[in-house]
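[1] Dropping a prediction and its sequence here:
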Amino acid sequence: MGILISRGFKWDVFLKRNGALVLFLLFALISVLWSDFTFVAAKRWFRDLGNYLMILVVLSDAHPTEAIRIFLRRIHYFLVPLSVLLVKYYAQIGKHYNPWTGAPEFVGAATSKNTLGVLCLMSGIFFFWDTVSRWSQRKDKQTKRILLVNLAFMAMTVWLLDMSKSATSSVCLVIGCLVIVATHSGWGQRHTGLIKVMMPTSFILYLILAFGLGLNGELASRIGRDPSLTGRTNIWQAVLSTNTNPVVGTGYESFWLGPRLLQVWKLAGPVTEAHDGYLDVYLNLGVIGLALLIILLVSSYRAICKKLTPYSSLASLFVALWTIALFYNMTEAAFKPSFMSLTFLLGSIAVAAPGSAPAREPLVERAPAKKQKDTFVRGALPLPRRKNSLG
């Protein structure tokens, strides 16, 4: 908050341009009132609010596009090699054992195999996109070095993803890479309208094939999962059999507490999430919350698509992240604040960043820039001067 205030962040402009997100967060806050655990729900809401403020810190930077790129790169620079180190040489930290089955699970620097899978998914998508966006300049000496670093990180990411055994993240990584290739291709840049329609259409087609025609089990078998999606269908039946308010839900992040948790455990075993992002939102916020989530997804996609015309390399990354979010949340609950959901919001809110705001209505008011010397300042970094800087 202090950083945003010091930058003169214009809250009225931000709220006006991100109405769907504001409505969703406000309804989530109001739902605390009918939660069986009011204090816990309120505490979780304010805790998660801090994550959204951190997104605004990145987007309110003087160069938001470069800030997003550096932010994502540095996260993976730290977590990916650390995960490799822990998995390969420090198994007592990088490997856990399932307390119910005793099966070993590699977690790396994450907390579970699924969160390690998400880390690998986000890392793979970012470095693949960065490589594709720089490929036309591959003959440049500095760019060539960056591409070699990207390839090294992609190799580590694929190895970690294989160790995590996260089928959902593996499939979504393939989907995301295909989206990036399609949007970056000459055909995709000439047919941006068709690209915009293809992403939501492909998801709707998947829903029809997987659930409407009952092909979900067969699709799961083809990617190495059992027809019940590793017990997920049993979990879905168990949570839907609980007594919840279908209109407003149980309150923000309140479903997996108290007697309901014990009831689900009796039917589906020890689980703490619905393994479906849409179902998880329905359980906590009801039909109203689910409708607001759909409005948020639609509005964010429209905002991202505006950056495709004229074409923007960064927009192709966010189109891929938006598509991944739709598919990933079919078998995992990632709409609640997590690395994936916050990265997705980073892209959907980026259209309201200072770099893309109209000159007459900037989000951040700044004094005229002063001439700076090319020296390092303790606790700060100079703005990158090279076009292909590693950040």
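    It's in. Keep in mind that this is a model prediction, so the values were computed, not measured.
[2] so Leu147 touches Ser133, yeah?
    No. Counting by C-beta atoms under 8 Å, Leu147 sits too far from Ser133 to count as a contact (10.7 Å). Backbone N, C-alpha and C define where each C-beta goes, glycine included.
[3] So for the two, which residue has more residues nearby?
    Each of Leu147 and Ser133 has its neighbours counted (other C-beta atoms under 10 Å); Leu147 has more, 19 against 16.
[4] Can you name the residues that contact the more buried one?
    131, 134-135, 138 (C-beta atoms under 8 Å, 6 or more residues apart in numbering).
[5] mind redoing it with 7 Å?
    Counting by C-beta atoms under 7 Å, 6 or more residues apart in numbering, Leu147 touches 131, 134, 138.
[6] Gly124 versus the last one, what's the distance?
    In this structure, Arg138 and Gly124 are 20 Å apart, going by C-beta to C-beta, to the nearest Å.
[7] Which of these two has more residues huddled nearby?
    Neighbours per residue, other C-beta under 10 Å: of Arg138 and Gly124, the larger number sits with Gly124, 26 against 11.
[8] Okay, now the unreliable bits of the stretch 51-200 of the chain?
    Along the stretch 51-200 of the chain, the parts satisfying pLDDT under 70 run over 99-100.
[9] And the strands in it?
    According to DSSP state E, counting those that start in this stretch, the stretch 51-200 of the chain carries its strands in the segments 95-97, 104-106.
[10] now these as TSV including mean neighbour count and distance to Tyr282?
    As requested, these are arranged in TSV below (neighbours: other C-beta atoms under 10 Å; distance: least, C-beta to C-beta, whole Å):
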stretch	mean neighbour count	distance to Tyr282
strand 95-97	14	30
strand 104-106	16	28
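[11] looking at those, which is closest to Val32?
    strand 95-97 (32.7 Å; C-beta to C-beta).
[12] how many neighbours does Thr244 have?
    19.
[13] same thing with Arg74?
    If we define neighbours as other C-beta under 10 Å, then Arg74 has 11 of them.
[14] buried residues in the single longest helix found in the chain?
    Here the longest helix in the chain is taken by residue count, with DSSP state H as the criterion, and it is helix 277-305. Buried residues in helix 277-305, counting neighbours by 16 or more other C-beta atoms under 10 Å, are found at 277-286, 288-290, 292-293, 296-297, 299-301, 303-305.
[15] Same question for stretch 16-26.
    Result for stretch 16-26 [16+ other C-beta under 10 Å]: buried residues 17-18, 20-21, 24-25.
[16] Tell me the pLDDT of Ile208.
    The model reports Ile208 with a pLDDT of 84.
[17] Tell me the spacing between it and Ser202.
    To Ser202, Ile208 is 11 Å away according to C-beta to C-beta.
[18] Of these two, which one has the most company?
    A direct count of neighbours by other C-beta under 10 Å for Ile208 and Ser202 places Ser202 higher, at 15 against 11.
[19] In space, what's closest to the more buried one - neighbours in sequence excluded?
    Spatial nearest neighbour of Ser202, excluding adjacent residues (C-beta to C-beta, 6 or more residues apart in numbering): Thr323 at 7.6 Å.
[20] Equivalent analysis for Tyr97, please.
    Pro104 (5.7 Å).
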